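Asks: A structural model of the following input is requested.
(4 chains)
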2 protein chains.
Amino acid sequence: MVDSLAKNSPLSTSREDYLADIYRIQAVGQSANTGEVASHLGVTPASTSAMFKRLAQEGLVNYKSYSGVSLTEEGERAASHIIRRHRVIERFLTDILGIDWERVDEFANRMEHAMPDEVLEGIERLLGDPDTCPHGYPIPSEDGAIALASGQPVESLVAGEFGVIRRVDESDAQLLRHLRERGLVPGTALRVVDANAIDGTRTLQVGEATLVIGQRIARALFVERLAGSDRQGA
Amino acid sequence: MVDSLAKNSPLSTSREDYLADIYRIQAVGQSANTGEVASHLGVTPASTSAMFKRLAQEGLVNYKSYSGVSLTEEGERAASHIIRRHRVIERFLTDILGIDWERVDEFANRMEHAMPDEVLEGIERLLGDPDTCPHGYPIPSEDGAIALASGQPVESLVAGEFGVIRRVDESDAQLLRHLRERGLVPGTALRVVDANAIDGTRTLQVGEATLVIGQRIARALFVERLAGSDRQGA
DNA sequence: TAGATGAGTTAGACACAGCTAAATCCGGTC
DNA sequence: GACCGGATTTAGCTGTGTCTAACTCATCTA
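Replies: Below you'll find the model as predicted:
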């Protein structure tokens, strides 16, 4: 409220980082508390607490001591703008420059704060207004509207079911590399050949190949389930 | 010297701005003194003086009180890297995104600090390793080598001479816009039809069009003089 | 219900990079 | 050789965002 008059002044890089992280946490239904945000951003809880207070004072988050924060309408607008920049940049880096998808998050984190709107618009035009980032997460539109993150974890499929990968967990570069090397990327169709109830491994048919994945990956791959289930092998 | 061990840590945004400005000043043979740098960067002389001291302490410039600075070898390496980023980004913005050339300097100033090397390389590949920025200034190679800024001012041509624009002064967006709107961009051929000794105006033949320019523009357009002079009109 | 525990906050400090105001230096003039 | 004016430097301060260390709160357990 204090400087609602100075609303047009750009947010600091730090503020943008905090808001984007709070947005992402909220998007998966978690509570944006001090420790969570601090560990994502690689700062101490003390710093996070201080920033929460600043953001609250500026009307960007609702903050009650010891209870975490939630984005205000204004905060959400700002955050979705940053997420949008981030995801469009990721697309640009993979689709136009051919950079591996496990590296683009880091690069986008550096570039997203310095990208003028006009440049972002140019890049979007170049890309043909993409709907998602390379990992399958939806890109908010300019007015902040955003599609639901699509898909359900492969973990929830039973043997015989078909699915198409729509999204993968993007929080770990190692994991992303692993998935890419195995062709487990959005758009890929797969069939769950077998789900081992004992150790949680699953056997997938992906094109010609058969692969066995553990629980970690089964939770990181989000698929759209396809109608035709096929139980003849069970 | 102090932290020559920490050489790999990235330079701060501010340091990059100062180094790049010193580089540009040196490139035109001027002396990089406090006032000059301060006015280019929009900071006070006091701030500049403080930064000169820091840069000197880090071995990036030679600094003697009251005598301005010059880049050390290490400082020049860092500066040319930034200039390179700046000019490649400008090319990208004009050639790929179609942004007007009078706006790209400002955008590149914001983006140049946040551009990872891998991304820059990707962009260069996309552009086909351009030699110059959109305004005609040479892009340093990765090892810091840089071509001479080409061309001589139209002011130095006499009536009847032919030239091809190779470079234009890029320091003023208004001027750049003006030049663009008249087609006075690198690659354009022109002939000096007349040079008025009294008021310094010149009449140019550019394609089908004839235009009259004043001294300001005659000094901002750098051309490569072409052999065949044509005095039949004089 | 009273601790214990761990998460969250406050207090106090630091680095960075800017500012203003005051002092100082340098080069040119008389 | 003294002096003047403008450029430069110094001194001291501010705001941002971080840190560590110490304290406080909320909650879970006994």
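Asks: ok, now which ones touch the most centrally placed residue in chain A?
Replies: The centroid of chain A falls nearest to residue A:137 when counting by Cα atoms, centre = their mean (5.2 Å). With contact set as Cβ atoms under 8 Å, 6 or more residues apart in numbering or on different chains, residue A:137 has these partners: A:87, A:149, A:167, A:170. For glycine as for every other residue, the C-beta is placed from the backbone atoms N, C-alpha and C.
Asks: over to residue A:217?
Replies: A:154, A:175, A:178-179, A:184.
Asks: that one: helix or strand, and which one exactly?
Replies: In the assignment (DSSP states H and E), residue A:217 maps to helix A:215-220.
Asks: show me which residues of chain A sit near DNA strand C.
Replies: Counting by Cβ under 7 Å from any atom of the strand, chain A comes close to DNA strand C at A:33-36, A:45-46, A:48-50, A:52-53, A:65-68.
Asks: and if we set it to 10 Å?
Replies: Proximity of chain A to DNA strand C, by Cβ under 10 Å from any atom of the strand, involves residues A:31-39, A:44-53, A:56, A:63-69.
Asks: hmm, stretch A:73-82 touching DNA strand D?
Replies: No - using Cβ under 10 Å from any atom of the strand, stretch A:73-82 never reaches DNA strand D; the gap is at least 13.3 Å.
Asks: returning to what we had before: just among the contacts of residue A:217, which is most surrounded?
Replies: Ranked by neighbour count (other Cβ atoms under 10 Å in any protein chain shown), the contacts of residue A:217 have residue A:154 at the top, with 25 neighbours.
Asks: give me the low-pLDDT residue ranges for chain A?
Replies: A:1-8, A:228-234 (pLDDT under 70).
Asks: break it into its domains for me.
Replies: A:4-75, A:152-226 (automatic domain parsing).
Asks: how much space separates the closest residue in space to residue A:79 that isn't next to it in sequence from residue A:178?
Replies: Take residue A:79 and drop its neighbours on the chain: the residue closest to it by Cβ to Cβ, 6 or more residues apart in numbering or on different chains is residue A:23, 3.7 Å away. Plainly put, residue A:23 is 27 Å away from residue A:178 if you go by Cβ to Cβ, to the nearest Å.
Asks: coming back round to it: filter the contacts of residue A:137 down to the ones close to DNA strand D.
Replies: Among the contacts of residue A:137, no residue sits close to DNA strand D (Cβ under 10 Å from any atom of the strand).
Asks: hmm, residue A:188 is touching residue A:165, no?
Replies: Yes - Residue A:188 lies in contact with residue A:165 (Cβ atoms under 8 Å); the separation is 4.8 Å.
Asks: the two: which has the busier surroundings?
Replies: A direct count of neighbours by other Cβ under 10 Å for residue A:188 and residue A:165 places residue A:165 higher, at 22 against 18.
Asks: could you identify the helix or strand that succeeds the helix or strand hosting the more buried one?
Replies: According to DSSP H and E, residue A:165 maps onto strand A:162-168. Remark: after strand A:162-168, the chain's next helix or strand is helix A:173-181, criterion DSSP H and E.
Asks: the helix or strand following that next one pairs with which strands, parallel or anti?
Replies: Sequence order places strand A:189-195 as the next helix or strand after helix A:173-181, per DSSP H and E. Paired strands of strand A:189-195, with direction, are strand A:162-168 (antiparallel), strand A:202-206 (antiparallel) (DSSP bridges).
Asks: what does strand A:189-195 contact?
Replies: With contact meaning Cβ under 8 Å, 6+ apart, strand A:189-195 is reached by A:154, A:157-165, A:184, A:202-207, A:210, A:223, A:226, A:230, A:233.
Asks: can you tell me which of those residues are buried?
Replies: The neighbour-count test (16 or more other Cβ atoms under 10 Å in any protein chain shown) marks A:154, A:157, A:159-163, A:165, A:184, A:202, A:204-206, A:223 as buried among the contacts of strand A:189-195.
Asks: could I get these as CSV with distance to residue B:10?
Replies: Formatted as CSV, those follow (distance: Cβ to Cβ, whole Å):
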residue, distance to residue B:10
A:154, 39
A:157, 45
A:159, 51
A:160, 52
A:161, 48
A:162, 47
A:163, 43
A:165, 36
A:184, 34
A:202, 43
A:204, 42
A:205, 46
A:206, 40
A:223, 40
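Asks: out of those, flag the one nearest to chain B.
Replies: residue A:184 (23.6 Å; Cβ to the nearest Cβ).
Asks: if I pick residue A:103, what's in contact with it?
Replies: Counting by Cβ under 8 Å, 6+ apart, residue A:103 makes contact with A:93, A:173, B:118.
Asks: the first one: what's it in contact with?
Replies: Residue A:93 is in contact with A:99, A:103-104, A:107-108, B:119, B:122, counting by Cβ under 8 Å, 6+ apart.
Asks: same question for the second one.
Replies: Remark: with contacts taken as Cβ under 8 Å, 6+ apart, residue A:173 is in contact with A:102-103, A:105-106.
Asks: and the strands in chain A, which stretches?
Replies: Ranges of strands in chain A, per DSSP state E, are A:61-63, A:69-71, A:152-153, A:162-168, A:189-195, A:202-206, A:209-213, A:221-226.
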